[in-house]
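S.K.: give me a 3D structure for the following:
(2 chains)
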Amino acid sequence: MKALELKNITKQFPRVLANDNISFSVEKGEIFSIVGENGAGKSTLMKIVYGLYTPTSGEIYVFGKKVEMKSPQDAIKLKIGMVHQEFMLIPRFTVTENIVLGDEPRKGPIFDFKRAVNEIKELSEKYGLKVDPREKVANLPVGIQQRVEILKILRRGAEILIFDEPTAVLTPEETEDLFKTLRALKESGKTILFISHKLKEVMEISDRIAVLRRGKLQGIVKKEDTNERELARMMVGRDVVLEIPRVEVKRGPAILSVRDLAVKDHRGILKLKGVSFDVHAGEVVGIAGVEGNGQAELVNALIGFTRPVKGTITLNGQEMKMITPYNVRNKGMAYIPEDRKRRGLVLPFKIRENIIMGQHTLYPFSKNGILNDKAIDDFSTKKLDEFDIRPRDIYVRAGNLSGGNQQKVIVAREMSMKHNFLLASQPTRGLDIGAMEFVYNHIIEEKKKGVAILLISLELSEVMGLSDRILVLYEGKIVGERTPDQTTEEELGMMMLGITEKERSLQ
Amino acid sequence: MKEVFKRIFFPKREKLWWMNILVPITSIILALIVGAIFIKSTGRSPVLAYKLLFGSSGLFPGPYWKNHFAEMLLASSMFISTGLAFAVAAKGGLFSIGAEGQFLVGGIVAAYFGYAKPFANLPTAVHLTIIFIAVMIAGGLWGAIAGWLKAKRGIHEVITTIMLNWIAIYLIEDWLVIGPMKANVSTGVSGTPYISETAKLPKILPGTRLNISIIIIVVVAYLVWFLLYRTTLGFEIRAMGHTLIYGMEAPKAAGVPVEKRVVQTMFISGAIAALGGAFIILGILFQFPPVFEGGYGFDGIAVSLIGQNEPLGVFLAGMLIGGLRTGATSVQLAHIPKTFPSIIEGLIVAFIALQELVRYLLTKFLVHKKNVISGQNPGGSDKNSINVKLSDGGAAK
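M.R.: From the prediction side, this is the model:
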């Protein structure tokens, strides 16, 4: 039985054709994945299925019946539920309150909390989704919060569940738990639409996989008949080199020297407890570690957001006395931030404005403090072509770009600034493989040019592939230094968890 | 000039840019309709009231137009100055309530330099130049105090600007005007002494009180627009305003010295507000009176909100409020208290505060209909409305 069928769905935005004549059907009790690069039209398609957008043309059938959805309310009535990437939960409310909100059990006019709690208990047992109904959502880890979201839509009787990049916010263990849940839901006959750009996960969980590229359906494949490489090729439209090529560059003098650096976080807790290292010209130094072990504080200290408690930072042979973003930028630091929406871009600004931010005071973009529109337009048009930023329109607001293109704008800007040190902090966070490859290539290009690069990443494969030296950060200290050919991901993983060689040999 | 005109009126490829004009106009019309209901409910004629109000507001030609027009512009120049002051700060993500205090500081400095002996015999052009420079520095510094406290100590500018307002009010009205700056008792003047002839703003329309303040404010409004949209400083100020919710991290990370810019923005804001104070002293009162009827600073917030924090919008909104004030007295002929226009003002601000709703409804009715007719998807507007919201984000919240 077909749970959901889309026929010739097309969605035209004013300047973008987001979905182009897409047709597929999903069987009841199936896990159906939709993969594609950022901006391929996955989210738009799902928003159409969930009633947030109306398609320009095309038909939707739910359980064999033709439907027209004008709002998510219509979708909920049709037993379609969606788990959004960003949870729609109220942190100060309990799990129960969050789940029943909008449809509360009542005793007369009064909210019957006890009955609600029992109802949630039953529900969570039925589907094997363990939650404490009386706990406040604010106290729950992200994985459990997601569970609450799932319970919320199950309580409303959802038969078709849409998961919009559900693993983006989860740790590996939480992802495992989610997959268990998904399989259990499938067992109980629910239909699941799973959207992702992480191919490994898609291969693990799906029954069938649909690949989107630039709004077009590239094909639907059974999991058994495909592999990651083929999916990647369908997604990007060419062979993607998932392995990072190794480039040997002669090591130059030390560009950045950090000595005994200690930094507190915004709550005043010492998070970085005295680290020392050098980054040489033409060298990539990777910092591996589990999030929250001092990476954020290291970045903040290097770009001058927070003042270190002690220690020195020497950039280009000059000790930085007053570390402000303005000073370090002038001293030749480029910075790819970990959070592009927050730190990298001014979202309401247009591409042309974002792409010159930081060098807007320099000739030819301005003269005597007055902006030169023509120079800015010429420069940004050139960069759009050079870095393949889509759409090719310098007047589009940065906030309307897909994640990959936003990152490209940042990379384009930072690479065109005068610099000989690059601080890349989780440069591929949330990017699809096409955009990842793009970032890797540019980091390698930079290395060839003799730029000193400090790469901070949570992805071990990334650190292993790009770095010449790997420093492992654990609880604010560097617990080990390795070169990629000396070590394995397993060893690094152990070090990241603070398990030293001695302990390991004892085990 | 043509280029400038095009840039102001036809923002480059901004989707639904006309919404930004239509929304305030709709809000004003809605306010007038609700105002009419108020009048009607008291048994008086709304048509007559509006006829009298706008007939003598100076906004439309009519009997004694020349006089009303002059008065309207005279009042407007003050509202525009405080409105621009708020708008500049708002663009930079600063919610400055301090125009009232800066206005008073501008007024007292203008009064002092107006009557002080060493300047009294200079030619008018020189004298006025000195006064305006002093006024802008004083007002700017008054504003920069709040900016400095925000940048260095992280104290929210709403708190500091309100406190600075009270400091200015008591310092000036309860000490300077009745103390050190008091006029000689033998002259029979209360308040500060009258300013010398050379310090009075030259009149430009014979037979009326209209003076060059309106010309000055036109130039200032243009300069503010130029600052915000044509200079690197304005670029940085807007970037800060847009990223307020993210703690201005993006411009900071790009190397913009944010703390310095906060102080500078507050200086500019204060300097512009102080100009208004100078206008009222040098053009209307000619002294700092013992009892000063203020409120221009607070009205400036309303003006800026109506004008969507855009220099051109602020200019037009300032003229509207100026017109309503000018026409206020004549509504009494329809047996309506002269405070009635304040109700209209309040309603306009209320509807402007509801602008997201107005925008939503307008988008629903206009854009969707249009798209259905032309066969486009209606959903496309969703993205746009988000854009617009983002662009206003830093300002009003």
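
S.K.: and chain A, which residues reach chain B?
M.R.: For chain A, the residues in contact with chain B (Cβ under 8 Å from any Cβ of the partner chain) are A:11-14, A:53-56, A:303, A:305, A:324-326, A:328-330, A:335, A:337, A:341-349, A:353, A:357-358, A:360-361, A:366, A:369-371, A:395, A:397, A:399-400. For the C-beta atoms, the positions are set from N, CA and C on the backbone; glycine is no exception.

S.K.: so, low pLDDT: which residues of chain A?
M.R.: Scanning chain A with the threshold set as pLDDT under 70 gives A:240-242, A:500-507.

S.K.: point to the residue nearest the middle of it.
M.R.: residue A:430 (1.9 Å; Cα atoms, centre = their mean).

S.K.: emit the ChimeraX select command for whichever of the residues of chain A next to chain B are buried.
M.R.: Remark: buried members of those, expressed as a ChimeraX selection using 16 or more other Cβ atoms under 10 Å in any protein chain shown:
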select /A:11,12,13,53,55,56,303,305,324,325,326,328,329,335,337,341,342,343,344,345,346,347,348,349,353,357,358,360,361,366,371,395,397,399,400
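
S.K.: contacts only, for residue B:80.
M.R.: Residue B:80 sits next to B:217, B:221, B:276, B:303, B:314-315, B:318-319, B:322 when contact means Cβ atoms under 8 Å, 6 or more residues apart in numbering or on different chains.

S.K.: would you say it is within a strand?
M.R.: No. Per DSSP: H, G, I helix; E, B strand; the rest coil, residue B:80 lies outside any strand segment and is helix.

S.K.: now it: closest residue in space that isn't a chain neighbour?
M.R.: Leaving aside its chain neighbours, residue B:80 sits nearest to residue B:318 (3.4 Å; criterion: Cβ to Cβ, 6 or more residues apart in numbering or on different chains).

S.K.: how far away is the one you found from residue B:353?
M.R.: 18 Å (Cβ to Cβ, to the nearest Å).

S.K.: of these two, which one has the most company?
M.R.: residue B:318 (30 against 13; other Cβ atoms under 10 Å in any protein chain shown).

S.K.: how about the secondary structure of that one?
M.R.: Following three-state DSSP, the label given to residue B:318 is helix.

S.K.: for it, which residues are in contact?
M.R.: For residue B:318, the contacting residues are B:76-77, B:79-80, B:83, B:303, B:307, by Cβ under 8 Å, 6+ apart.

S.K.: apart from its neighbours in sequence, what residue is nearest the residue most central in space within chain B?
M.R.: Centroid check for chain B by Cα atoms, centre = their mean gives residue B:83 as the closest residue, at 1.4 Å. Nearest residue to residue B:83, sequence neighbours excluded (Cβ to Cβ, 6+ apart): residue B:303, at 3.3 Å.

S.K.: can you get me a residue count around that neighbour?
M.R.: By the criterion of other Cβ under 10 Å, residue B:303 has 34 neighbours.

S.K.: shouldn't it be in contact with residue B:82?
M.R.: Yes. Using Cβ atoms under 8 Å as the test, residue B:303 is close enough to residue B:82 to be in contact (6.9 Å).

S.K.: mind checking which of the contacts of residue B:318 land in helices?
M.R.: Among the contacts of residue B:318, the members falling in helices (DSSP state H) are B:76-77, B:79-80, B:83, B:303.

S.K.: redo the residues you listed as CSV? Include distance to residue A:203.
M.R.: Listed next are the ones in helices among the contacts of residue B:318 as CSV, based on distance: Cβ to Cβ, whole Å:
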residue, distance to residue A:203
B:76, 68
B:77, 70
B:79, 65
B:80, 64
B:83, 60
B:303, 61
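
S.K.: let me have the residues you listed in JSON lines, extended by pLDDT.
M.R.: Putting these into JSON lines (pLDDT from 0 to 100) gives the following:
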{"residue": "B:76", "pLDDT": "96"}
{"residue": "B:77", "pLDDT": "96"}
{"residue": "B:79", "pLDDT": "96"}
{"residue": "B:80", "pLDDT": "97"}
{"residue": "B:83", "pLDDT": "97"}
{"residue": "B:303", "pLDDT": "94"}
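
S.K.: show me which pair in the residues you listed is furthest apart.
M.R.: B:77 and B:303 (11.6 Å; Cβ to Cβ).

S.K.: which non-adjacent residue is nearest residue A:257?
M.R.: In space, and not counting its chain neighbours, residue A:257 is closest to residue A:314: 4.2 Å by Cβ to Cβ, 6+ apart.
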